[in-house]
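**Q** Below are the sequence and a predicted model; questions follow.
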Amino acid sequence: MKLFFDPPELQLMHKISVEGVAERTIDSFGGAETFPDLASRVRDRMPNELAPMLDQMTEGDSLWWCRRAKRGPLYGHEGVALVRQGRAIIYLLIMNY
């Protein structure tokens, strides 16, 4: 996973918690029932992956699930952004498609 600062062209989808990021990531790979070991590792690792972003949070900031605004059948990405005053300031790319 890679962090981007002042990311361009993101579409904010919905607010999300740290736990929600882990569950959304797990679901994208088929769900916890399909890959229980992977699900456990994602849940354990997600707080560490998000730590650099969470360290930058100030009052009024929130986490949002988002995706690339321009996407097509074979390109695009999704991840989580730290949003401040309605603008994504840090983006963690979680999956490409």
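**A** That came in fine, so what should we check first? Numbers count the residues shown, from 1 in each chain.
**Q** lowest-confidence helix or strand of the protein?
**A** Of all the helices and strands that make up the chain, strand 2-5 has the lowest average by mean pLDDT, DSSP states H and E, namely a mean of 88.
**Q** In the protein, which residue is most central in space?
**A** residue 80 (2.4 Å; C-alpha atoms, centre = their mean).
**Q** Could I get the pLDDT score of the closest residue to residue 5 other than its chain neighbours?
**A** Of all residues not flanking residue 5 in the chain, residue 90 sits nearest, at 5.8 Å (C-beta to C-beta, 6 or more residues apart in numbering). C-betas here are computed from N, CA, C, even on glycine. Residue 90 is assigned 96 on the pLDDT scale.
**Q** List the pairing partners of the least confident helix or strand of the chain within its sheet, with orientation.
**A** Here strand 2-5 is paired, per DSSP bridges, with strand 87-96 (antiparallel).
**Q** Show me the contact partners of the strand it pairs with.
**A** 1-7, 10, 12, 21, 25, 28, 49-50, 52-53, 56, 64, 66, 75-83 (C-beta atoms under 8 Å, 6 or more residues apart in numbering).
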